[in-house]
Structures are given as structure tokens and as C-alpha cells.
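> sequence and predicted model, in that order:
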Amino acid sequence: MSAAAPRRIRLTPWAGLAALAAVPFIDALLPGGLRLEDPMSEVFIYAILALGLNVLTGFTGLLNLGVAAFAAIGAYAFAIATCEIYPFQLGFWPALGVTVAAGAIAGFALGAPTLRVRGDYLAIVTLGFGEIVKDVLVNLDTITKGTQGINPLPPPSFLGTPLEARGQYWLLLAFVTVTFVGVRALERSRVGRAWISIREDELASRAMGIRPDHAKMLAFATCAALAALAGALMVSRLSSSGEPGNYDFQVSILALCIIIVGGIGSVRGTLVGAIVMVGMNSIVLVKLSELVGSPDAPGAALDEAQGLAKVGVFLRTWAQNVLVNPTNWKFLLFGLALVLMMVFRPQGILPPRPLHEAPPEGGEEGA
Amino acid sequence: MTAILEARDVTMRFGGLVANERVSLSVRPGEIFAVIGPNGAGKTTLFNAITGIYEPTEGEVLFEGRPIRREWGMSDRVKGLAVGLVSAAVAVLALNASALWQGAIVDRYVYGEAFPWGEALDSVPRTLRESGFWLTWFAAAVGFAVARLGFGAIWKAQRRTPDLVARAGVARTFQNIRLFGEMNLVENVLVGMDQHFRSGYWSCLLRPPGFWRERERMRRRAFDLLKFVDLADNAADAARSLPYGHQRRLEIARALATRPRLILLDEPAAGMNPAESADLMKLIRRIRESGVTVVLIEHDMKVVMGISDRIAVLQYGRKIAEGTPDEIRNDPVCIAAYLGTEDLG
């Protein structure tokens, strides 16, 4: 029996955090720079959204296809609370508090009537919820300004100072870190055990005295509060709530893809999933299409050599804009990534580790 | 001495199928009581009716002289009222959202000027009055009625649930083992201990010192329970990696973790070899010695006859005999039930 040192400090998460915190500096050293702050901020926001979804779908096993609706509720709560066209005009931080509370209430509101709905049926209900929220936001235009969206909104700030791209990057990194630590703390406590036991076998967990209604409501509220936080951070960064159509099924599915690719039920996996999926979308593909779009791209050179017949121009434009432009391959690549994942690693990149609670130290000798 | 568990004329009907017909049992505190019978005799159904997975079609189950059942108390009345009122408010707000917003905010707010909060609040009743009866009082009434009736219906369907029975002090294991396969052994036991934790959601999230003390105490207790069923060496393994016989013992440890006064074991010796079932018999005796009454379903006659104080025999959903192991062994009705009579042969 190996003598396990009490409370080992793991280096990997701290190293990862340090590396992420150093990204803006490294980026500044590179010639030209990759300007990673903005796309990485998007990664972080999706990471928070996916961490919330992971609580409900990953831990508790309740498939939620409408997590974007919670993000929308958070986004609009933040927008209404802060925008100068309304009298509330809260600052960034108080508004975040309002947002999280609004999200949790929305989670309770959806959770309470659906406690007895399971599996596929719950997926349909949440899907419907997502669509309803979107439509309500469009039609309630007295309050939400319909498709115009509410703007301008205050940017993320810290100690009263509005933050630029780099500051926002660090603030969002801090939010992700805190969310990560919190979700992990919940996972490794009686609350998380109750959630996971419900996912594994609801009847057995009931027979052990777990109250599923209670646990599911907590999961719904946690998921919704985190999704609302993500929505608020998103709109604060963009300075506009955008139109309700921005919070559609695609967002929910992207969040779901993140947790599936990362490893469903795994907190670390969710972060990796967010970096892979959103990173591919808003960093790799964008940089690639910038490359293709530049005049010295190979496509343009080829065209010059073959003369400039009208058909050639048309074909070239079409090829450059549609075929070659990697952002148009986004969904194909998404699909491909999911298919490859399902075939070669269905448990995700970093599946949850089964062993959380080590036996108490010294317990073995005490026998 | 009053019975710790009493089933009174329990009938379980599923459509036309009668799984249990007027089964009555009376289990005394501190005894080991076995329920035996051929496959399909309704033994597991009886367990399910006792533990709240099914609600008996007729008859009742008493634990320590009382039915385990939620009573419509003061807190339920308050909760029902609150749910109704909140829904009524939501209904009214939802139907009048635009008008209320227009009247309270849009009409009053001028950019750069102080906002008259008092006036805005005053506008709310005025706007509602203008909305008329249907959009206000009627909507509130419908919202209240729907929510209150829904609350009542759910409450009624939840009067006797497995979690309530478990919390009252009746634990069980399952015939088809239902462990949490992805969790390790300690965690499986900790799930059983959930009701005895004092730290709630916020404590689990923020982890004050009390959380850590409780966590350590509970883990130690879980580990002690694993020692009790002789699984301490595997404490960190995933439950699904355990051999079958070990899984059955882990289920017992998990059930004991709820600190029951009565434990129902559904075929604990199934799939065990003779050495394992001999150990199991010792374990069951130790459970009884620790003050827990044991009721078990078992097919292994060596186990049943070896440890039971009394035995009940079920056949085709009816109880056909009850008595000490010696009485059952010599009962012609039971012999017929097990070996068959000539018309079956």
C-alpha cells in the first residue's frame, strides 16, 4: 500500500491557468500578433455557459436543449438593468448580481414544472422553452426593443475602471476560474454526489434517501444562473444585447457539443471542449480565412496565370468566398469533429475520473 | 411487543395481474424474517410496495405502528398558497407586461433627469385597472387555480415515495444490483449517508471549516461501513469493477449507511458461491446484532434455513404459510409449492 501524501497539490491546473494568463504577453511578443484576446474571451464565455450546462446535463443527466434561453434571460436582465435608456442604470457588478439571481429564478421556473419529465421528453420541453423565450423577447418589444436589441451597455469593469480587451481577457479568465472551482467543489460534495447518483440510477438514489426533486431544482438553478452569467458577460463585451435571434438553438447545441467533446460530466473536459470547439470556430477558422483572403494567397496567383475570363473571375470569387473560405466549413468541421469523437473517443477528450473520494488516510491501518 | 413492520392485507394489482393478494406480514423488532417462494410469487413486488416504489392497490403498510406517509401539514398549506400566489402574480404580469412597462417606465423616464420611482409604482394599480377584469382578476384566478391544483396533485402523488420511506428508517437492496457504477465504493456508501449530512448547497460551494470536518467524519464512517462488510481493501475501486458477490455486499453497506432500523435484502445470496454465502450469513447476523431488523427474500435454502427466525412463503401472490424454519420444512403445502404436485408433473 502506497503512503499517499495528504492533500497532494496538482500542478496541471495551475500550470494551465498560468499559461492562459500569460497569453496576452506572449501574443504581444509575436510579430504582427495573433490578437487572441477577443476570440479567447469568447472561448471563456462559452466555457462558463458549458460549465453550467454540464451541471444539469453532465452531472444530473437531464438533457437540456434550451440553455441559450437562460443565456438570453441573463443577457436581457443585464441589458435592462444597465442600459441608459432605462432608469435602473446599475453598474457592471451589481447588474451581474441581478442577472445571476434572474437566471436562478428562471431555472426554478423551468425546473419546477418539469421535475417529472424525463429523458427525451425533457429534451423536447427545454427545446420548446428555448424557442418560446426567443419569441417572447422579439414580441415584448416595449421592454426588449425587439430585434433592435438594447444598447449601449457598459463594458466589463473592475474597481470602477472600464476594461480594454486585455483587461477583459483577464477578468473573464478569472470568472472561468471561479466558476470552475465552484462547480468542482459542488461536484465533490454531497450535492454533486446526489446529482450523479440521480444520473446513474434515480430509483436507487431515491431508495437511499436522496430527494431527487430537491437535487434537480438545485441543478436547474445552478445551470441557469451560470448560463445567465455567460449571457450577461457576452452582451457587456459587445455593448449590445443584440437581437433575440442570437440566442437560438445553435448556441444551445454548441454548448452541448462542448461538453460532449470535452467529456460529458467532466469539469476539466468542459474547459478543454470550449477551447477546442469555440477556439476552432473563432480562432483557427478566422485566421485561416484571413490567410486565404489575403492577395498573395495561392488561389489568386493561379487565377492570374490562367487569364481573366469572366467565368474565371466568377469562379475565382465563388471559390474564394465559398469553397476556400474556411469559415464556411464551420458546420462541416463541427459535424466531422463530433463524428470522429463518437467513433474514436465516445467518452470525450477528458472523461470524468471515477475516483473522487479517496479513502481516509490511515484508515487502512486502523483495521 | 409491537411489530416493526406490518403489512395488512396488501394487494398489488397491475391491470388484470394480481401480484400480491391480501398479503399480511408482521415482523418483530430484532428478528431475521425471510420471505420465500417460487419465481413470480410476488416477493419483490411486496418489497416494492413496502418501500414506496409502488402504492398498494389495497391494504396498508405500517412501520413501527404508523404508515409512512406525508401528512398535509401547515408547511404544505403555506407552500401551496405561496405557489398559487406567485403563479397568479406571474400570470398578471405576463399578460400586462407591455402596458405596465409603458406606464411605469417609458412614459416617465426622461434621459438625464431623476426618475420618479414613487410615481412609477403608483402607476401600476392604475394600469391594471385600465386592463380590465379579464386580464387581471380573471388571469390571477386562473393562475392561482392551475398552480394550486397542480401543487395538490403532485403532493398527492408524492405522499409515499421511496426517499420518504428510506428517510423514515427502512433501507433496501435490489435483486438486480443497482449500484452507482461510475462511483467508487466510498462514494456509493456516502450517497446512502446523504440524509445525515448537515452541510447544504452553500456550504458545499463555499466550504467553510465545518464542511471539511463533516466531510472527514463522514468519509471515516463510510470507510468503517466498508470494513463492516469486508470491502475496505477495494474502497477506491469503481463499483462496476467489483465481482458480483462483492457488489451485493456493497449494496448492503450502502443501505446500512442510511442508518435504518429495518433493512430489506432482496436475494442477497444470489450469484454467491458457498463460501461467500456462508460469509453473508455471518454478515446478516452481525447486522441483526447491531440492532437492525432484517427482512430478506432468498432462494438459497441453506441461507434461509440457517439464519431466519421466521419464514413466510408466498405463492401466486398469496401467503400460503408462515412459521419457524422447522415448521416450514415440514409443511406439506410448502413442500408442494416447491416440489410441485402430481398434476404439474
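Alright, I've got the coordinates.

> look up how far B:R178 lies from the residue sitting nearest the centre point of chain B.
Closest to where the C-alpha atoms of chain B average out (C-alpha atoms, centre = their mean) is B:P162, at 1.8 Å. Here B:P162 is placed at a distance of 12 Å from B:R178 (C-beta to C-beta, to the nearest Å). Quick note: C-beta positions are derived from backbone N, CA and C, even for glycine.

> same check, this time on B:T51
Note on B:T51: its distance to B:R178, by C-beta to C-beta, is 12 Å.

> any residues in contact with both of those two?
A:A207 (C-beta atoms under 8 Å, 6 or more residues apart in numbering or on different chains).

> out of these two, which sits in the busier spot?
Using other C-beta atoms under 10 Å in any protein chain shown as the criterion, B:T51 and B:R178 rank with B:T51 on top: 23 against 19.

> contacts only, for the more buried one.
Applying C-beta under 8 Å, 6+ apart to B:T51 gives the contacts A:207, B:162, B:165-166, B:170, B:172, B:264.

> what is the neighbour count of the nearest residue to B:T173 once chain neighbours are set aside?
Excluding its sequence neighbours, the residue lying closest to B:T173 (C-beta to C-beta, 6 or more residues apart in numbering or on different chains) is B:E251, at 4.1 Å. Using other C-beta under 10 Å, B:E251 has 25 other residues around it.

> then A:I85?
15.

> and it, how far is that from chain B?
A:I85 sits 7 Å away from chain B, going by C-beta to the nearest C-beta, to the nearest Å.

> ok, that residue to B:G317 distance?
According to C-beta to C-beta, A:I85 and B:G317 sit 71 Å apart.

> where along the chain do the strands fall?
No chain in the question, so chain A it is. Using DSSP state E, the strands of chain A run over residues A:157-158, A:161-162.

> wrong chain, I was asking about chain B
Counting by DSSP E, chain B has strands at residues B:5-14, B:17-27, B:32-36, B:58-63, B:66-67, B:170-172, B:262-266, B:293-297, B:310-315, B:318-323.

> what's the closest non-adjacent residue to whichever residue of the stretch 1-150 of chain A sits closest to chain B?
Minimum separation of the stretch 1-150 of chain A from chain B (C-beta to the nearest C-beta) falls at A:P87, amounting to 3.6 Å. Closest residue to A:P87 in three dimensions, ignoring its sequence neighbours and counting by C-beta to C-beta, 6+ apart: B:F115, at 3.6 Å.

> right, and the one you found touches A:E84 too?
No: taking contacts as C-beta atoms under 8 Å, B:F115 lies outside contact range of A:E84: 11.5 Å.

> can you give me the neighbour number for the closest residue to A:R35 other than its chain neighbours?
Excluding the flanking residues, the one nearest A:R35 by C-beta to C-beta, 6+ apart is A:D27, at 7.1 Å. If you count neighbours by other C-beta under 10 Å, A:D27 ends up with 17.

> for the stretch 251-367 of chain A, which segments count as helices?
In the stretch 251-367 of chain A, the helices defined using DSSP state H, counting those that start in this stretch lie at A:267-279, A:285-293, A:298-305, A:310-318, A:330-344.

> ranking these by mean pLDDT, which is last?
With a mean of 52, helix A:298-305 has the lowest mean pLDDT of those.

> any weak-confidence spans in chain B?
Residues of chain B meeting the criterion pLDDT under 70: B:1, B:339-345.

> looking at it, which helix is longest?
Identified as the longest helix of chain B according to DSSP state H is helix B:74-101.

> from the chain's centre, how far out does it sit?
The gap between where helix B:74-101 is centred and where its chain is centred comes out at 31 Å by C-alpha atoms, centre = their mean, to the nearest Å.

> for the stretch 1-150 of chain A, which residues are neighbours of chain B?
The stretch 1-150 of chain A comes close to chain B at residues A:84-87, A:113, A:116, A:140, A:142-143, as judged by C-beta under 8 Å from any C-beta of the partner chain.

> end to end on stretch B:111-119, go ahead and measure it.
The first and final residues of stretch B:111-119 sit 16 Å from each other (C-alpha to C-alpha, to the nearest Å).

> can you tell me what sits against that stretch?
Stretch B:111-119 is contacted from outside by A:84-85, A:87, B:108-109, using C-beta under 8 Å, 6+ apart.

> closest to A:S239 among these?
Distance to A:S239, by C-beta to C-beta, is smallest for A:E84 among those, at 11.7 Å.

> who's in contact with that closest one?
By C-beta under 8 Å, 6+ apart, the contact set of A:E84 is A:152, B:111.

> please repeat the previous calculation with a cut-off of 10 Å.
Residues near A:E84 by C-beta atoms under 10 Å, 6 or more residues apart in numbering or on different chains: A:150-154, B:109, B:111-112.

> equivalent analysis for B:D326, please.
Counting by C-beta under 10 Å, 6+ apart, B:D326 touches B:305, B:311.

> one more: A:G58?
The neighbourhood of A:G58, defined by C-beta under 10 Å, 6+ apart, consists of A:50-51, A:183, A:187, A:195-196, A:199, A:219, A:223, A:259-260, A:262-267, A:269-270, A:348, A:352.

> who's the closest spatial neighbour of A:R206, skipping the chain neighbours?
In space, and not counting its chain neighbours, A:R206 is closest to B:P162: 4.2 Å by C-beta to C-beta, 6+ apart.

> would you agree A:S205 is in contact with A:R193?
Yes: taking C-beta atoms under 10 Å as the definition, A:S205 is a contact partner of A:R193 at 9.0 Å.

> quickly list what's touching both of the two.
A:215, B:180, B:191, B:194.

> what does the pLDDT read for the first one?
By that I understand A:A215. As predicted, A:A215 sits at a pLDDT of 95.

> and it, how close does it get to A:L122?
Applying C-beta to C-beta, the value for A:A215 to A:L122 is 15 Å.

> can you check the second one too?
Counting by C-beta to C-beta, the gap from B:F180 to A:L122 is 21 Å.

> who's more crowded, the two?
Of the pair B:F180 and A:L122, B:F180 is the one with more neighbours under other C-beta under 10 Å, namely 25 against 21.

> for that one, which non-adjacent residue is closest in space?
Per C-beta to C-beta, 6+ apart, closest to B:F180 is A:E200, 4.2 Å.
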